[in-house]
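Enquirer: build the 3D model from these lines:
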Amino acid sequence: MTIREWYEAALRHNYYSLILLIEFLVYEKKTVRLQDSEEALNFYLQEKFKDRMNAHLLAYERQKQKGKPVFQN
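Expert: Coordinates of the predicted model:
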């Protein structure tokens, strides 16, 4: 399964957290692509990254709601 397929399923079923994670990784961090295999996504779902990823997603969500970019180059 591709990340695009996961994203489409998340949108269909309104899995907000998964939608946010995929958008963060694809559009903000640019560490994965929608055409990548789900294994690329599974890397970021590891337990050892949970706390750090949740902090990043919370900041991303807040900035997204304000309409501001989260990370500036």
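Enquirer: which residues does Val32 contact?
Expert: 3, 25-26, 40-41, 44 (CB atoms under 8 Å, 6 or more residues apart in numbering). Yep, even glycine has a C-beta here, placed from its N, CA and C like the rest.
Enquirer: neighbours of the spatially closest residue to Thr31 that is not a sequence neighbour, how many?
Expert: Leaving aside its sequence neighbours, Thr31 sits nearest to Leu25 (CB to CB, 6 or more residues apart in numbering; 5.3 Å). Residues near Leu25, counting by other CB atoms under 10 Å, number 24.
Enquirer: which ones are touching Leu25?
Expert: Contact partners of Leu25, counting by CB under 8 Å, 6+ apart, are 31-32, 41, 44.
Enquirer: so what does it look like in phi/psi?
Expert: phi -70, psi -40 (degrees, to the nearest 10).
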